[in-house]
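Asks: Next comes the sequence, and after it the predicted model I'd like to discuss.
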Amino acid sequence: MTAGSASAAVRRPIRIGLIASILTGVLLLLCCTGGTAAFFLSGLGGTAEDGDSLAGWGCGPVRPVDITGELPRFAEYGDTQIRNAAIIIKVGQDMGVPSRGWVIALATAMQESALRNLANSGVPESLALPHEGVGADHDSLGLFQQRPGWGTVAERMNPAYTARKFYEKLVKVRSWQRRPLTVVAQQVQISAYPDAYAKHEELASTIVDALAGGAARTVEINGKAVCNAAERGEIAASGWTAPIPGDVGSGFRTTERPSHNGVDIGAAKGTDIRAAAAGRVLVARCDPDDRGRRSCDVDGYPGKGGCGWFVDMLHAGGYITRYCHMVTRPRVAPDQIVPAGEIIGQVGSSGNSSGPHLHFEVHQRSDRSSRGAIDPVPFMRQRGAPLRAAE
């Protein structure tokens, strides 16, 4: 896809709150012509103070969290707060909650208390000790700011107790591993600011990875946590999955194709395309070709221009994913909230394409233009949903 192929609207950045059978290399290189500088892992947010990147922590086997030993340091939080995070994760481990739950619980506590065990002005201080600060809500206590119905004062000031109560309610939420974190957290917490949880998801994943051996990049398969395997609709604890199984044949902004803003993943026509993460549909339509024609119901050809039938989705953290060259009209519509792994369309060859495949893009900072595009390969690998390289 060329930098300007997905219509004038795609070229304009937007600001929104929240909220790939394998083709031959020749075909993929011919497909959608068109793709920021190298994407650095430190740009993910939540960098450890000692300079370790997410990749440096490895992935698996998932290790039990040690809440008493030395813990990684983060610029955003002090030792006491990270130790509270470790308690939250360990409780989830002890209860057998899948690691996606640890990310959700951690992000929730980050929003509710900044990982501090808070007392409040409405409870006598003698009943709320020990505590790490005073919260604003007159009857809410602890890491999750739970109200009296969750337990006694002493129980709600016990980090392990409050984490257990959160998980007990979390696992009863329908499809909680696939739905947007902010939606799930809200069903547990019933907060006045439900959209606020989303901004903590990425850092929560990073902390889970640091404390539990890359756990945010694992997926539950037959009851076991498997690293870097979120591919066929399985969802990694990070909340991400590969949009289709298949090999990357044409890469991001190569020497031959410097304006190729995504990657091409070979697959047979009709292969299901899945939402790479939970999010909201921004665009689902036929992209005009270079002559302004909306002719997406027929196979395209190299040089035709346009993305064909395509979808743009907005995810937590301001990330946008794009899915081009679908065979027919997408299954989703603008403003629809879509769970991770949901089928949004099928692989085709509409638009500027030489054969069936998925053109997949990732953008940051809620910017749908070429300025926001980043390489999807390292981005997806760091989320446990790697796009395979062709052999």
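Replies: Here it is on my side, so go on.
Asks: for this structure, what's the longest helix?
Replies: When the chain is scanned for its longest helix (criterion: DSSP state H), the result is helix 79-95.
Asks: and whichever helix or strand comes after it, how far from the chain's centre?
Replies: Using DSSP states H and E, the helix or strand that follows helix 79-95 in sequence is helix 99-113. With CA atoms, centre = their mean, to the nearest Å as the basis, helix 99-113 stands 14 Å off its chain's centre.
Asks: Equivalent analysis for stretch 382-391, please.
Replies: Relative to the centre of its chain, stretch 382-391 is centred 15 Å away, using CA atoms, centre = their mean.
Asks: where does the stretch 1-150 of the chain have low pLDDT?
Replies: 1-61, 120-138 (pLDDT under 70).
Asks: Residue 140 contacts residue 148, correct?
Replies: No. The criterion here is CB atoms under 8 Å, and residue 140 misses it with residue 148 at 9.0 Å. Heads up, the C-betas are built off the backbone N, CA and C, glycines and all.
Asks: buried sites along the longest helix of the chain?
Replies: Residues 81-93 are the ones in helix 79-95 that count as buried (16 or more other CB atoms under 10 Å).
Asks: so that helix versus helix 99-113, what angle?
Replies: 140 degrees (axes from the mean of the first three to the mean of the last three CA atoms, to 10 degrees).
Asks: and helix 79-95, what does it pack onto?
Replies: The helices and strands touching helix 79-95, judged by 3 or more CB pairs under 8 Å, 6 or more residues apart in numbering; DSSP states H and E, are helix 99-113, helix 159-170, helix 201-211.
Asks: possible to save these as CSV with mean neighbour count and distance to residue 191?
Replies: Below are the helices and strands packed on helix 79-95 laid out as CSV (neighbours: other CB atoms under 10 Å; distance: least, CB to CB, whole Å):
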stretch, mean neighbour count, distance to residue 191
helix 99-113, 27, 8
helix 159-170, 21, 13
helix 201-211, 27, 15
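Asks: Save these as JSON lines, and put in distance to residue 334 too.
Replies: Listed next are the helices and strands packed on helix 79-95 as JSON lines, based on distance: least, CB to CB, whole Å:
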{"stretch": "helix 99-113", "distance to residue 334": "27"}
{"stretch": "helix 159-170", "distance to residue 334": "30"}
{"stretch": "helix 201-211", "distance to residue 334": "23"}
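Asks: Relative to residue 372, which of those is closest?
Replies: helix 201-211 (16.2 Å; CB to CB).
Asks: any idea of the mean pLDDT in the closest one?
Replies: Averaging pLDDT along helix 201-211 gives 95.
Asks: moving C-terminal of that helix, what's the next helix or strand?
Replies: Immediately after helix 201-211, counting by DSSP H and E, sits strand 218-221.
Asks: Show me what counts as buried in stretch 267-276.
Replies: By 16+ other CB under 10 Å, the buried positions in stretch 267-276 come out as 267, 271-276.
Asks: The residues you listed in helices, which ones?
Replies: Assignment to helices by DSSP H places none of the buried residues of stretch 267-276 there.
Asks: wouldn't residue 87 be in contact with residue 158 here?
Replies: No. At 9.6 Å, residue 87 does not count as touching residue 158 under the criterion of CB under 8 Å.
Asks: which residues are common contacts for these two?
Replies: Here residue 87 and residue 158 have no joint contacts, going by CB atoms under 8 Å, 6 or more residues apart in numbering.
Asks: ok now do residue 317, which residues does it touch?
Replies: The contact partners of residue 317, by CB under 8 Å, 6+ apart, come to 45, 198-199, 201-202.
Asks: That one: what secondary structure?
Replies: Of the three states, residue 317 takes helix under DSSP: H, G, I helix; E, B strand; the rest coil.
Asks: Figure out the helix or strand that residue 334 lives in.
Replies: Using DSSP H and E, residue 334 falls outside every helix and strand.
Asks: give the contact list for it.
Replies: 281-284.
Asks: can I get these in JSON lines with neighbour count and pLDDT?
Replies: Below are those laid out as JSON lines (neighbours: other CB atoms under 10 Å; pLDDT from 0 to 100):
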{"residue": "281", "neighbour count": "19", "pLDDT": "98"}
{"residue": "282", "neighbour count": "20", "pLDDT": "98"}
{"residue": "283", "neighbour count": "21", "pLDDT": "98"}
{"residue": "284", "neighbour count": "22", "pLDDT": "98"}
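Asks: Return the member of the residues you listed nearest to residue 114.
Replies: Comparing these against residue 114 with CB to CB places residue 282 closest, at 30.9 Å.
Asks: pretty sure that closest one is in a helix, no?
Replies: No. Read with three-state DSSP, residue 282 is strand and lies in no helix.
Asks: Quick check: the gap between it and residue 150.
Replies: Distance, residue 282 to residue 150, using CB to CB, to the nearest Å: 37 Å.
Asks: go on, residue 180?
Replies: From residue 180 to residue 150 the distance is 23 Å (CB to CB).
Asks: Settle it for me: which of these two has more neighbours?
Replies: With neighbours defined as other CB atoms under 10 Å, residue 180 and residue 150 compare such that residue 180 has more, 25 against 18.
Asks: May I ask you to confirm that that one is in contact with residue 313?
Replies: No. If you go by CB under 8 Å, residue 180 and residue 313 don't touch, sitting 11.1 Å apart.
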